[in-house]
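>>> what's the 3D shape of this:
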Amino acid sequence: MQRIETDKAPKAIGPYSQAIKYESFVFISGQIAIDPKTQEMVKGGIEEQTKQVMENIGAILKEAGLSFDNVIKTTIYLKNLSDFEIVNKIYGEYFKEHKPARATVEVSNLPKGALIEIEVIAGIMD
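Below you'll find the predicted structure:
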């Protein structure tokens with residue numbers, strides 16, 4: 001196993017890694033809308049938070065030598081499922097041709113009062 005870490009994504013706020021590479025897979029821990037420059041939640045609502053989460057994921061993928069085209073599966077956790085359309089639109093801007101498998105669920109609470117959290121499994125293609 002190899003730990004993946006970048007200062008272009010938020011530091012882990014607990015006993016976990018930003019991502020772990022294992023064999024041909026990279027498992028990215030759930031990302032919330034923390035600005036890696038300030039280590040604080042971004043200001044704004046679901047749009048701003050979704051964009052920051054996707055940027056954080058992109059930075060971790062890049063550190064692993066990957067891109068959004070390598071993503072196999074995502075899980076989206078939403079505080080309010082009524083935000084689904086907004087999230088789906090922004091999410092789609094990062095996945096143009098390639099469409100990974102995905103689950104979206106509503107949850108009662110997220111760390112730091114976040115409105116969204118996304119975790120990712122990516123594959124290393126030879």
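
>>> rest of the way, CA atoms for contacts and neighbours
Noted.

>>> any idea how far the top helix by length along the chain is from the chain center?
What stands out as the longest helix in the chain, according to DSSP state H, is helix 46-63. Mean-position distance between helix 46-63 and its chain equals 6 Å (CA atoms, centre = their mean, to the nearest Å).

>>> pLDDT on it, on average?
For helix 46-63, mean pLDDT rounds to 98.

>>> contacting residues around that helix?
Helix 46-63 has contacts (CA atoms under 8 Å, 6 or more residues apart in numbering) with 4-6, 8-10, 18-19, 28, 31-36, 42-43, 67-68, 83, 86-87, 90-91, 94, 114-118, 120.

>>> just the buried residues of the host helix or strand of Glu117, please?
In this assignment (DSSP states H and E), Glu117 forms part of strand 116-123. For strand 116-123, a neighbour-count test (16 or more other CA atoms under 10 Å) marks Ile116, Glu117, Ile118, Glu119, Val120, Ile121, Ala122, Gly123 as buried.

>>> name only those of the contacts of helix 46-63 that count as buried.
4-6, 8-10, 18-19, 28, 31-36, 42, 67-68, 83, 87, 94, 114-118, 120.

>>> need the residues that contact the helix or strand where Ile72 lies.
Assigned by DSSP H and E, Ile72 belongs to strand 71-78. By CA under 8 Å, 6+ apart, the residues outside strand 71-78 that reach it are 84, 100-107, 115-123.

>>> run the last query once more with 10 Å
25-28, 30-32, 46, 61, 84, 87-88, 95, 98-110, 114-124 (CA atoms under 10 Å, 6 or more residues apart in numbering).

>>> and Glu106, bridged to which residues?
Applying DSSP bridges to Glu106 gives these bridge partners: Leu78.

>>> picking that back up, now the element after the strand holding Ile72, going C-ward?
Downstream of strand 71-78, the next assigned helix or strand under DSSP H and E is helix 84-94.
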